[in-house]
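S.K.: From the sequence below, what's the structure:
(2 chains)
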Amino acid sequence: MAVLTEPRTAARPRFDPWLAASAVSLSVIGIAMVYSATWARLVADGDPGGYFAVRQSLFVVLGVVAAGAVYRLQRPVLMTLAGAGYALSVLGLLAVLTPLGTTVNGTRAWLTLPGGFTLQPAEFAKLFVILLAALWLSDRRGLRSMDAPPEPGAVLGVLATTGVVAGLLLLQPDLGSALVTCAAVLGVLFVAGVRPRLLVLLGLAGAAAAAAAYLLGLLDAYQVARFTAFLDPQADPQGVGYNVQQALIAIGTGGLAGQGLLEGPHTQGAFVPYQYTDFIFSAVGEELGTLGGLLVIGLLVALLVRGVAAAGRCDRFGALLAAGIVCWFAAQGFENIGMNLGLLPVTGVPLPLVSYGGSSVIAAWAGVGLLLRVSRL
Amino acid sequence: MSQVATRPPRAAAANPARQRLRLLAVIFLVVGLTLSTRLVWLQTSESDRYAAAAQSVQSDVVEVPAPRGAIVDRDGEVLAGNRTAYMVVATGEVDEATLQRVSEMTDTPEADLRARLAVCGQPGAEPGRCFTGAPGEPIPIVPDLPIPEALALGDADLTGIDVQRTAVREYPSRVNAAGVLGYLAQGTGQSGLEGQYEQRLRGVPGEARRQIGRDGATKRVVTRQPIQGQTLRTTLDIPTQAVAEDALREAVLAARSEGYRAVGGSVVVMEAGTGAIRAMASYPTYNPNIWSQGVSQRQYARLTDESGGRPLVFRPTQAVAPPASTFKPITTVAADNAGFDLNGIYDCPAYVVVGGRTFTNYQSRAYGPVSLSRALSVSCDTVFYRFGYRMWKRDGGLTGDDPQEHVVRAARDFGIGQTTGIDLLGEVAGGIPDRADVQDEYDQRRDDYCRRARTGYPEEPKKARAALLKRYARDYCRTGYQYKAGDAMNTAIGQGRTLATPVQMAVAYAAIANGGKVVTPHLAQSADAPVVRRVDAEPAALAYIRRALASTTVDGTASGAFAGFPLDRYPVAAKTGTAEVEGRQTTSWLATFAPAEDAQYVVVVNVDEGGLGAATSGPVARAVYEHVFGVKP
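M.R.: Model prediction:
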């Protein structure tokens, strides 16, 4: 089951149990940690302790169902889905900016749904941007080989569609999602054969766009401060540095095997803000210790590597799609874990498959479904 | 068309696309490894640092207050004890609606609650009612709540509001003794015995660690038990204190009904041989329970207002007045030391004239040639004026080269001008200036007065008074350094610039009564209260004075006050005093001890602007003696 060996010339669909298992494991760990990070305060407020855990389980189930549906999709359907999905995503991203959207923590990113659920279009937008990019950069009939150079028109088209989404994301403002989207698309472009020099230029352009966003006042001072707080969490321990500081304390006191599930004082005492969403890794670090943390990182890497392996087995479209999804998971996952560890700036991106969040989990599982699917293409 | 057939064959491993994928995989592995390394590093090398940080975030140390020691009288009856009170504290932000509910449920005006919520030093804070602790600490907003209301408020479970048990002072005895006991602010003694013996009474607070438990609930673990404060056993006697307080109040009210201002008064009842205080009262006084219930701005203003008599001033140790005729025994000792004959006969005319000034007896009464004993008993001023004058002449008059200054020396020997060392905070020393003091003061004030001598007092609205002040300034500028005859003569009768507190007079009279020992007055039984010194006076002189003072209650100025008292069984030695201060009514003094020989008690009474010595203060001393000797009134 070596990753980088000769591609197999298999004709029949291949289901990758390791990829599926990694995803399932991450989600199970996620449900457990969401429970651990939330039950105490819920009970103290007189609410059922499993509220968030149950909802997360529901999201995971829905996600697995979505993955299952995607797995069975025929290629033509996928292709249509790309365009439609992208259009809907853009509409959704526009909708959140109107009074229809809800603001949380300074970001207008949610649409309210009946039943008390919310939808975050950004998560699905990432998926469809990647799908569209993979599609555009490969022949629609999927007959082109992996080594053909990309058509400049297609590249421009991809950049345009990505740029629109990234721009809409920056208007929320959701710098993290914008960066992750761009990273995923860069991955697709890279694997598609776009010259590295061009990619570097694109990267710089992206940085310039981010700077412009800041200067234009799209990002407010708090978010910029949050971004740079990772450089010195002590600088503003009660303000922007607080979140990272508390996460570090939680992780730092984990020890080898952790304090035990439901037993970590920092997690149980609700000292880490947003611990069941963006900072879920700090709960892992404290309660499951080094072993748990390495497990999560390992599962993520396994997922990525298996995804790369899947990419290696398919034709152009499949490979680009898999590469895009893998880069999406990589950028988001590593950024999230990195910010929990105080190595990277704080951006509001969840840990894929693990953090609490309906849109995030379902979109990520759809991505997993696609990864499993591509080896069949 | 089968998709399998049209799919081109996969190329070899050197394929650039494969290489790119391989690169991605490598990047992922590297990043994963980096994150893993960081994770391990945080949890091994840095674990100590984070453990410490966790500790400081998750738990904090709180003080466990120690129960305060009680203050009891000589028989163990409680003067100041503790009771459990329920107080309402604000633990966080309190919104308007919550404040309103608290106001309703505790029957406290919202304005009061808001004033107490303000932290001192922040804008809008009212001194006296603002919170003196640090921001972030729980703020007591209702200090003392009855149990049913406390329980109801606790059940209401309002956000940011907590009901806590605390200990407050209560005063269960029938006496007031507010000034002696003192008061607490923020749990710390500020005055009186509470302040003086704070260290002993407060005990040692314990320590508890407040830990966030598994389920988010806080868990308090006492890490160090508090040590209860020691009980302070005083020398006070509650029955005597009750008699003293009541008699003093009645005397002040009686004086007022006679038309005197009688702004306030003191009683000191002290053991003559040891200085142990049996009773000590100040009038007006206040209810000490107000401190535990929270003082309002208005209440505090009333307590410190001049017109209210300033009940926060503890008069026995903090109010000074010229001792007037009660000083005469000291002049007698000085005269004896200066060589005058105690057993001689001295003339007591109605008045004496010195340096163009006339010095009269009270009501210009003449007694003719009298013994010193009689002079003391009837309180003849002119005899003592003459003593003062003659000793001043002997000291060199205006230009004394090596003055003996017997009178000032004797006064200081008896304790005038120094604090007695009583174990209460805030004792004042009064004073009696000698020639050097007059010179020093002149050196300091001369420039001021000489300037005034030229410019006058334009700010004084009354022209006559302004002219008078200017004249005085001119005189002072010219001759203020001199210790004049008039100064010496006034000093000899306890006027002039001499100022003494009632407790100082008690110590002085105890020295006369106990054969010359200057004792340290004290309220705590365990106080370190040594005999300070022996006065420089002949034992014969002191005995003579004792006999003379014993006759004051028989046929002297105090005979009216002690008419009907069994003086044959309990002879009371007394000296009356009627102090004059310019612009005020006369202050009544009565200094006594009994029995006249082998005295057990010294009783000193003072009523500020209360009229005559015997008439106003006499009944107070009499009531005390009736009580301590078990005499039916």
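
S.K.: residue farthest from the centroid of chain A?
M.R.: Distance from the centre of chain A peaks at A:Gly46, with 32.8 Å (Cα atoms, centre = their mean).

S.K.: Would you mind giving the secondary structure of that residue?
M.R.: Classification of A:Gly46 by DSSP: H, G, I helix; E, B strand; the rest coil places it in coil.

S.K.: Check B:Met270 too.
M.R.: strand.

S.K.: can you pull up the bridge partners for it?
M.R.: On the basis of DSSP bridges, B:Met270 is bridged to B:Ile277, B:Val602.

S.K.: Look up the pLDDT of the residue lying closest to B:Pro571 once chain neighbours are set aside for me, please.
M.R.: Take B:Pro571 and drop its neighbours on the chain: the residue closest to it by Cβ to Cβ, 6 or more residues apart in numbering or on different chains is B:Ala596, 4.2 Å away. In this view, the C-beta of every residue, glycine as well, is placed from N, C-alpha and C. On pLDDT, B:Ala596 comes in at 94.

S.K.: Against chain A, how distant is B:Ala596?
M.R.: Separation of B:Ala596 from chain A (Cβ to the nearest Cβ, to the nearest Å) stands at 75 Å.

S.K.: same question, B:Thr479
M.R.: Separation of B:Thr479 from chain A (Cβ to the nearest Cβ) stands at 70 Å.

S.K.: go on, B:Asp443?
M.R.: From B:Asp443 to chain A the distance is 59 Å (Cβ to the nearest Cβ).

S.K.: and that residue, that's in a strand?
M.R.: No. Using three-state DSSP, the assignment for B:Asp443 is helix, not a strand.

S.K.: ok, it - how many residues close by?
M.R.: Look at B:Asp443: counted by other Cβ atoms under 10 Å in any protein chain shown, it has 11 neighbours.

S.K.: my guess is the residue nearest to B:Pro571 contacts B:Lys575, does it?
M.R.: No. Look at B:Ala596 against B:Lys575 with Cβ atoms under 8 Å: they stay out of range, at 11.9 Å.

S.K.: Mutual contacts of the two, please.
M.R.: Listed as contacting both B:Ala596 and B:Lys575 by Cβ atoms under 8 Å, 6 or more residues apart in numbering or on different chains are B:Leu549.

S.K.: Show me which of these two is the more surrounded one.
M.R.: A direct count of neighbours by other Cβ under 10 Å for B:Ala596 and B:Lys575 places B:Lys575 higher, at 33 against 22.

S.K.: related to what we said a few turns ago, where does the residue nearest to B:Pro571 sit: helix, strand or coil?
M.R.: On the basis of three-state DSSP, B:Ala596 is classed as coil.

S.K.: and it, what is it in contact with?
M.R.: So B:Ala596 contacts B:Arg546, B:Arg547, B:Leu549, B:Ala550, B:Pro571, B:Val572, B:Ala573 (Cβ under 8 Å, 6+ apart).

S.K.: Next up, the contacts around the fourth one.
M.R.: When the contact criterion is Cβ under 8 Å, 6+ apart, the partners of B:Ala550 are B:Pro571, B:Val572, B:Ala573, B:Ala596.

S.K.: Pull the number of nearby residues for the third one.
M.R.: Other residues near B:Ala573 come to 27 when the count uses other Cβ under 10 Å.

S.K.: ok, back up a step: adding secondary structure, write the contacts of B:Ala596 out as TSV.
M.R.: Below are these laid out as TSV (three-state DSSP):
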residue	secondary structure
B:Arg546	helix
B:Arg547	helix
B:Leu549	helix
B:Ala550	helix
B:Pro571	coil
B:Val572	coil
B:Ala573	strand
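
S.K.: Tell me the predicted confidence for residue 376.
M.R.: Just so you know, I chose chain A. pLDDT recorded at A:Arg376 is 67.

S.K.: um, chain B though
M.R.: Looking at B:Leu376, its pLDDT reads 93.

S.K.: What of B:Glu207?
M.R.: 85.

S.K.: In which helix or strand does the residue of the stretch 301-450 of chain B found nearest chain A reside?
M.R.: When scored by Cβ to the nearest Cβ, the stretch 301-450 of chain B has B:Ala301 as its residue closest to chain A, at 40.2 Å. Element membership of B:Ala301 [criterion: DSSP states H and E] is helix B:297-304.

S.K.: Show me which residues of that helix are buried.
M.R.: Buried residues in helix B:297-304, counted by 16 or more other Cβ atoms under 10 Å in any protein chain shown: B:Leu303.

S.K.: I would like the residues contacting it, please.
M.R.: For helix B:297-304, the external contacting residues (Cβ under 8 Å, 6+ apart) are B:Ala115, B:Glu126, B:Gly128, B:Arg129, B:Tyr286, B:Ile290, B:Val295, B:Gly308, B:Arg310, B:Pro311, B:Leu312.

S.K.: Now do the helix or strand where B:Ala621 lies, average pLDDT.
M.R.: Take DSSP H and E as the rule and B:Ala621 turns out to sit in helix B:618-628. In this model, helix B:618-628 has a mean pLDDT of 96.

S.K.: just checking, what packs against it?
M.R.: Applying 3 or more Cβ pairs under 8 Å, 6 or more residues apart in numbering or on different chains; DSSP states H and E, one finds that helix B:618-628 contacts helix B:238-257, strand B:264-271, strand B:587-594, strand B:601-608.

S.K.: outside of whichever helix or strand comes after the helix holding B:Ala301, which residues touch it?
M.R.: Where DSSP H and E defines the elements, the next helix or strand beyond helix B:297-304 is helix B:315-318. Residues outside helix B:315-318 that contact it (Cβ under 8 Å, 6+ apart) are B:179, B:264-268, B:280-283, B:420, B:422, B:424, B:426-428, B:501-503, B:606, B:608.

S.K.: average model confidence for helix B:315-318?
M.R.: Average pLDDT, helix B:315-318: 96.

S.K.: For the following helix or strand past that helix, which helices and strands make contact with it?
M.R.: Next in sequence after helix B:315-318, counting helices and strands by DSSP H and E, comes helix B:328-337. Counting contacts by 3+ Cβ pairs under 8 Å, 6+ apart, helix B:328-337 packs against helix B:372-378, helix B:381-394, helix B:406-413, helix B:502-513, helix B:539-555.

S.K.: Could you identify which of these is most buried?
M.R.: Neighbour counts (mean count of other Cβ atoms under 10 Å in any protein chain shown) averaged over each of those peak at helix B:502-513, with a mean of 29.

S.K.: So which elements touch the helix or strand just after that helix?
M.R.: Toward the C-terminus, helix B:502-513 is succeeded by strand B:517-518 as the next helix or strand (DSSP H and E). If contacts are counted by 3+ Cβ pairs under 8 Å, 6+ apart, strand B:517-518 sits against helix B:502-513, strand B:533-534.
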